[in-house]
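> Sequence and predicted structure, then a few things I'm wondering about:
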Amino acid sequence: NAGVTQTPKFQVLKTGQSMTLQCAQDMNHNSMYWYRQDPGMGLRLIYYSASEGTTDKGEVPNGYNVSRLNKREFSLRLESAAPSQTSVYFCASSVRQHNTGELFFGEGSRLTVL
Amino acid sequence: QKEVEQDPGPLSVPEGAIVSLNCTYSNSAFQYFMWYRQYSRKGPELLMYTYSSGNKEDGRFTAQVDKSSKYISLFIRDSQPSDSATYLCAMPSTDSWGKLQFGAGTQVVVTP
């Protein structure tokens, strides 16, 4: 039972390079999310997708784009990476947008931008 | 100012002690309150949630909400080394339950 799977787990980029973080869930959840976690800042929402075909900005969307490819997959793209985007990125899913707040998280993708 | 404030710790306690964690929040419209646990290099997982004010108990864990003070607490009784983790409080945004506002997380270390 995989749950939420993120790839890659680790990545080092140079400033200006682009990359895509992939996320897939096998729980038939409708809603998916991308968070970043930084020391002292907690988890901050980047983008979310309430259902297949919709995406919305979260608290810190600048410098990122997302694609809800299908119900299972939700990708996060950095078009021109900056050192400020060095962080741990978590993908999460939930049964539906309006629930009791139970998000199921992946194990994270650790990104370093030099 | 963040909507949810949490002391990052670390909080070090001996095995068997009671661990006391807390968060304060500024938005009086918050109704649901969650605690997530995050082990090192893993994603957070939901530990408990409570609705409105009052207490909720689940085994060794007790969650308390005091809406009048905008203050929530998590207590861990008979703490074990396996409880060593970061504990994050979280509350759904008032415009969307899927958008959680997280505290910074408190790192707990339980020493044998």
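Cool, got the structure. Numbering: from 1, shown residues only, chains lettered A, B, ... in the order given.
> okay, the residue in chain A that chain B sits nearest to: pLDDT?
In chain A, the residue that lies nearest chain B is residue A:105 (3.1 Å; Cβ to the nearest Cβ). All C-beta atoms are positioned from the backbone trio N, CA, C, and that covers glycine. Looking at residue A:105, its pLDDT is 96.
> do residue B:5 as well
92.
> So what sits opposite the closest residue to it other than its chain neighbours in the bridge?
Using Cβ to Cβ, 6 or more residues apart in numbering or on different chains and skipping the chain neighbours, the partner closest in space to residue B:5 is residue B:24 (4.9 Å). On the basis of DSSP bridges, residue B:24 is bridged to residue B:5, residue B:71.
> related to what we said a few turns ago, in this structure the residue of chain A closest to chain B contacts residue A:89, no?
No - applying Cβ atoms under 8 Å as the test, residue A:105 and residue A:89 come out as separate, 10.7 Å apart.
> if you go through chain A in chain order, where are the helices?
Counting by DSSP state H, chain A forms no helices at all.
> residues in contact with the residue minimising distance to the centre of it?
Computing the C-alpha centroid of chain A and ranking residues by Cα atoms, centre = their mean puts residue A:34 first, at 2.7 Å. Counting by Cβ atoms under 8 Å, 6 or more residues apart in numbering or on different chains, residue A:34 makes contact with A:21, A:23, A:45-48, A:58, A:64, A:66, A:74, A:76, A:89-92.
> Mean pLDDT per helix and strand in chain B: which one sits at the bottom?
strand B:96-102 (a mean of 77; mean pLDDT, DSSP states H and E).
> Mind jotting down where the strands sit in the chain?
Here I'm looking at chain A. A:4-7, A:10-13, A:19-25, A:31-38, A:42-49, A:56-57, A:64-68, A:74-78, A:87-94, A:104-105, A:109-113 (DSSP state E).
> should've been chain B
Using DSSP E, strands in chain B cover B:4-6, B:11-14, B:19-25, B:32-38, B:45-51, B:54-58, B:61-66, B:71-76, B:85-93, B:96-102, B:106-111.
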